[in-house]
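> generate coordinates for the sequence data below:
(one chain, ligands or ions: 1)
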Amino acid sequence: MSPRLRLRLLQYGLPFVVVILIAYLKIIFIKELQESIFLLFFSAVLVSGWYGTLRSGLIATLISGLLANYLFIPPAFTFKTDTPSLFNTGIFFIEGTLFSIIIKAHNISKKKIAESSERFRIVAEGVNDYMIMILDPNGRIENINTTAQQILGYKREEITNLNFSHLYNVKDRRKRLPKKQLLQAMERGHKEISGWRINKSGKSFWIQGTISSIKNKDGSIKSLVAVFKDITRQKKVEREREDFISIATHELKQPVTSIKIYAQVLYIHLQKIKDLKAIQFSKNLIEQLNKMENLLNSLLDVTRIQRGKVILNKEKFKLQDLLVQVVSSVTKTYPNYKIEIENDKNNYVLADKERIRQVLVNLITNAIKYSPKSNLVKVKTQRNKNKVVISVQDFGIGIAKNEQLMIFDRFYRVGEKKTQITGLGLGLYITSEILKKHSSKLYLTSKVNQGSTFYFNLPIVN
Ligand code: ADP
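Below is the predicted model of the structure:
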C-alpha cells in the first residue's frame, strides 16, 4: 500500500468505520444509552484521533455530531434544528475538536520522547569505546550500554539496581569516594573522574570520564549519566614512560652533580692561575650544568607529584627573610633586572620553606624571562584575615585569556613554536601542585603586552 493511500484511509476511512460501528452499538443498546446521546461518540473521536491523525479526529467529530443529531435526537431520520438540539450538537463539535487537539498534542510529545530515547539508545550503543551508565541520584545503576556490559563483565539485568560503588575498590569505598564524586556531579552538574575500578571478576582497570547530572524542571536531580573509557593500556604505557624518566633522571643526577663539583674546583683553580679565557669557559660550563641540574630536578618533581610523593616539611618562618634571599639569588643571575619587595616585615607564615622558595624562584624567573622589554618585577604581599596574599607582577608579554587556564598543564608553553624563550613548560605545573599541597591555589591576571600578576596565599602565624 502506498503511503499516500494509507494516509487517506487513516484520515477518512478510519473515522468513518469507527463512527458507523459506534452508531451500530448505540442502535443495539438504544434503550440503555438513550439519555447520553453524544457520549459514546467521544470514543469514536478518541480512537480516530489516537490511531489516525488530527484530521481523523476532526472528521470523526463531524460525522458523529451529524449522525447523532440525525439518528439519535428524537425523532429519528431528520436533522433537528431547534435551539436545544443545535446547541447540544454545537457543544459536541467544540468538545470533539478540543479532544482531537489534545490527543494530537499528547501523541506528538509521546513520539518525541520515544524518538529521543531511541536516539539515546543508538548513540549509547554506537560509541564502541565508551561505557555509558545511567544512575539514579543515590548512585543506583538504572541502565548500561553494551560496551559497559563487556568491560564490567556484568549483564544488564545483573547490574541494574546495584549501586555504582560496587565498581570501586575497597580503599576508595572506605574513603567514600563514590558518594563524594556523585555529590560533586550533582552540585556542579559535571564531575571529571579518573581512577581504578574493578569488574565482576575482581580485575582492576583504569577509567577516565565524566559524571553529569540531568535535572528536572524544578531543579531536583532526575538522574546521572556516567560516560567513561577504559584507558588501562595508555595508563600502563604512561607509567612505563614515567618510570623510565624517573630512573634516567636519578641516574643522570649523580654524574651531573659530580661534574659540577669538578667544574667549580676547576674554576677556583683557574682563578688562581689567572687564565682569563679558561675562567670564562668554566663559568659557562657551570651555568650550563646549573640549567641541567634544574631540569633534572623539575623532572624528578613531576614524577614525585604524579605519584603523590611530595612530602611537605612545614615550619614557621619570617616571609621577609625568604623574599630577600630569593630576590638576591635571582638578581645574581639577572643583574639587569630590578626586583622590588613590598611586604610587612612582621609576617610569619606556616609552610614548607624550601618548597615556597622554589615557588617564588619559579614565578620571579618567569616574570623576568617573559619580560624582554621591561626590567621591573614587583613582589608584593597583602594581609587578608589570617592569610597573606603574595603576588609577583611583571610588565612583560602577558598571556592571552584563552591560554591562561592551560599554562598550569604539564609541558604546556604558550606559542611553543614561535617563542625564542626556552623552557620545558613544567615550572607552573610544579608551582601550582606545590601550592595545592599547601591547600593554596595559584591564579593570575594578565593582559597581552601589558604584563601578568601571579598570586597565591599562605597562612599567617604569630
Ligand atoms: P616554561 O617557562 O619552562 O615554559 P612554565 O610552566 O613556567 O614553563 O610556564 C608555562 C608557560 O606559561 C610559559 O611557556 C609561558 O608561555 C607562560 N608564562 C609563564 N609565566 C609567564 C609570565 N610571567 N608572562 C608571560 N607568560 C608566562
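
> list the strands paired with the one helix or strand Gly195 maps to, with their directions.
According to DSSP states H and E, Gly195 maps onto strand 190-198. Strand 190-198 has the following strand partners under DSSP bridges: strand 204-215 (antiparallel).

> what packs against the helix or strand just after the strand it pairs with?
Toward the C-terminal end, the helix or strand that comes next after strand 204-215 (DSSP H and E) is strand 221-230. In this structure, strand 221-230 makes packing contacts with strand 130-135, helix 177-188, strand 204-215, judged by 3 or more Cβ pairs under 8 Å, 6 or more residues apart in numbering; DSSP states H and E. Just so you know, the C-beta spots here come from the backbone N, C-alpha and C atoms, and that holds for glycine as well.

> could the ones you listed go into a markdown table alongside mean neighbour count and distance to the ligand?
As requested, these are exported to a markdown table (neighbours: other Cβ atoms under 10 Å; distance: least, Cβ to the nearest ligand atom, whole Å):
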| stretch | mean neighbour count | distance to the ligand |
| --- | --- | --- |
| strand 130-135 | 20 | 32 |
| helix 177-188 | 16 | 27 |
| strand 204-215 | 16 | 23 |
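
> which one of those lies nearest to Phe79?
The closest of these to Phe79 is strand 204-215. By Cβ to Cβ, the value is 55.9 Å.

> could you check how far that closest one is from the centre of its chain?
On the basis of Cα atoms, centre = their mean, to the nearest Å, strand 204-215 is displaced by 9 Å from the centre of the chain it belongs to.

> which residues does the strand holding Gly195 contact?
The set of residues external to strand 190-198 that reach it, using Cβ atoms under 8 Å, 6 or more residues apart in numbering, is 167-169, 172, 177, 181, 184-185, 204-213, 226, 228.

> and if we set it to 7 Å?
When contacts are taken as Cβ atoms under 7 Å, 6 or more residues apart in numbering, the neighbours of strand 190-198 outside the stretch itself are 167-169, 172, 181, 184-185, 204-212, 228.

> how about a markdown table for the helices and strands packed on strand 221-230, with mean pLDDT added?
As requested, the helices and strands packed on strand 221-230 are arranged in a markdown table below (pLDDT from 0 to 100):
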| stretch | mean pLDDT |
| --- | --- |
| strand 130-135 | 92 |
| helix 177-188 | 93 |
| strand 204-215 | 92 |
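
> adding distance to Leu86, write those out as JSON lines.
Below are the helices and strands packed on strand 221-230 laid out as JSON lines (distance: least, Cβ to Cβ, whole Å):
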{"stretch": "strand 130-135", "distance to Leu86": "56"}
{"stretch": "helix 177-188", "distance to Leu86": "60"}
{"stretch": "strand 204-215", "distance to Leu86": "51"}
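
> how close does the closest residue to Lys441 other than its chain neighbours sit to Ile305?
Closest residue in space to Lys441, ignoring its immediate chain neighbours: Leu435 at 6.1 Å, by Cβ to Cβ, 6 or more residues apart in numbering. When Cβ to Cβ, to the nearest Å is the yardstick, Leu435 and Ile305 sit 12 Å from each other.

> please apply the same query to Ile59.
Between Ile59 and Ile305 the distance is 74 Å, computed by Cβ to Cβ.

> neighbour-wise, which of the two wins?
Between Ile59 and Ile305, counting by other Cβ atoms under 10 Å, Ile59 is the more crowded of the two (24 against 19).

> can you give me the helices in the stretch 251-400 of the chain?
276-306, 319-333, 353-369 (DSSP state H, counting those that start in this stretch).

> ok and the longest one relative to helix 353-369, angle-wise?
If you take axes from the mean of the first three to the mean of the last three Cα atoms, to 10 degrees, helix 276-306 sits at 120 degrees to helix 353-369.

> report all helices and strands that the helix or strand containing Ile245 contacts.
Counting by DSSP H and E, the element that carries Ile245 is helix 232-273. Here helix 232-273 touches strand 204-215, helix 276-306, going by 3 or more Cβ pairs under 7 Å, 6 or more residues apart in numbering; DSSP states H and E.

> will you turn these into TSV that also has distance to Phe454?
Listed next are the helices and strands packed on helix 232-273 as TSV, based on distance: least, Cβ to Cβ, whole Å:
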stretch	distance to Phe454
strand 204-215	29
helix 276-306	18
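
> and the lowest-mean-pLDDT helix or strand in the chain, what's buried?
The helix or strand with the lowest mean pLDDT-type score in the chain, counting by mean pLDDT, DSSP states H and E, is helix 3-8 (a mean of 84). Using 16 or more other Cβ atoms under 10 Å as the test for burial, helix 3-8 gives no buried residues.

> contact residues of this structure facing the ligand?
Taking Cβ under 6 Å from any ligand atom as the contact definition, the chain meets the ligand at 366-367, 370, 394, 396-399, 407, 412-414, 423-429, 452.

> any of the residues you listed buried? List them.
For those, a neighbour count by 16+ other Cβ under 10 Å gives the buried set as 366-367, 370, 394, 396-399, 407, 413-414, 423, 425-429, 452.

> what about the residues you listed, which are in strands?
Cross-referencing those with the strands (criterion: DSSP state E) gives Asp394, Ser452 as the overlap.

> taking the stretch 201-350 of the chain, what residue is nearest to the ligand?
In the stretch 201-350 of the chain, the residue that lies nearest the ligand is Ser298 (8.2 Å; Cβ to the nearest ligand atom).
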